[in-house]
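> How does the following fold in three dimensions:
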Amino acid sequence: MSMEPVAVAPPPAAEQPTRVYGVTDRHGFYWGTGRRKTSVARVRIKPGTGKIAINDRPLENFFTEHQDRASVLAPFAATNSMGQWDVWANVNGGGHTGQAGAVLLGISRALGSTRREADLALRAAGYLTRDPREVERKKYGRRKARRRFQFSKR
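Numbers count the residues shown, from 1 in each chain. Below is the predicted model of the structure:
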């Protein structure tokens, strides 16, 4: 028997699904779903003049806090597309901070589906990562999720 090496073909590489960019629905909208804490946002964007409506109200009337408005506009600043997209969002559940985070993720996902450069910029800025933190449930025999009643030795 000879001990010559035998050429073995490498196993086939796992097919990586390639992302398709620039696909809209029949009305020309790009869709994105965002979630944060207990809030869920369904976001539609379309090329336009930069108006933003959340639950049929302007951005300034819906989010009164400056940091919430800034977080909603952050994906546009990251992709240098401020004022180029019209946004319609329906958001429910949670409080104003969770709703702003949900809208941010929804806008980021919708913008990321428009073109590859926007997707890479949003991913580098961290806007396409869902924040997994949720409120911990209250346990029986405790005052809150982790808070215990005061212990008395005597």
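> need the helices for this structure, in chain order.
If DSSP state H is used as the criterion, the helices of the chain fall at 59-62, 66-78, 96-112, 116-125.
> Of these, which stretch is the most buried?
helix 96-112 (a mean of 25; mean count of other Cβ atoms under 10 Å). C-beta coordinates here come from the backbone N, C-alpha and C atoms, glycine included.
> now the angle between helix 66-78 and it, please.
10 degrees (axes from the mean of the first three to the mean of the last three Cα atoms, to 10 degrees).
> which other helices and strands contact helix 96-112?
strand 30-36, strand 39-47, helix 66-78, strand 85-92, helix 116-125 (3 or more Cβ pairs under 8 Å, 6 or more residues apart in numbering; DSSP states H and E).
> And the contacts of the fourth one?
Contact partners of strand 85-92, identified using Cβ atoms under 8 Å, 6 or more residues apart in numbering, comprise 39-55, 76, 99, 102-103, 106-107, 111.
> In CSV, could you pull the C-alpha coordinates for that strand?
Once non-C-alpha atoms are left out, strand 85-92 reads as follows in CSV (Å, rounded to 0.1, in the frame of the first residue of the first chain):
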residue,chain,number,x,y,z
TRP,A,85,-37.6,60.3,3.4
ASP,A,86,-41.2,60.6,4.5
VAL,A,87,-42.0,58.4,7.5
TRP,A,88,-45.3,56.9,8.8
ALA,A,89,-45.1,54.9,12.0
ASN,A,90,-47.7,53.2,14.1
VAL,A,91,-46.4,52.5,17.6
ASN,A,92,-48.1,51.0,20.7
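> Grab the most central residue of this protein for me.
What sits nearest the mean C-alpha location of the chain, by Cα atoms, centre = their mean, is residue 105, with 2.1 Å.
> so what's the residue lying closest to residue 64 once chain neighbours are set aside up against?
In this structure, residue 64 finds its nearest non-sequential neighbour in residue 96, 7.8 Å apart by Cβ to Cβ, 6 or more residues apart in numbering. Neighbouring residues of residue 96 by Cβ under 8 Å, 6+ apart: 63-65, 68.
> Show the low-confidence segments of this protein, by residue range.
1-3, 10-17 (pLDDT under 70).
> now do 90
Along the chain, segments meeting pLDDT under 90 span 1-20, 22-23, 154.
> Buried only: go through the contacts of strand 85-92 for me.
39-45, 52-54, 76, 99, 102-103, 106-107, 111 (16 or more other Cβ atoms under 10 Å).
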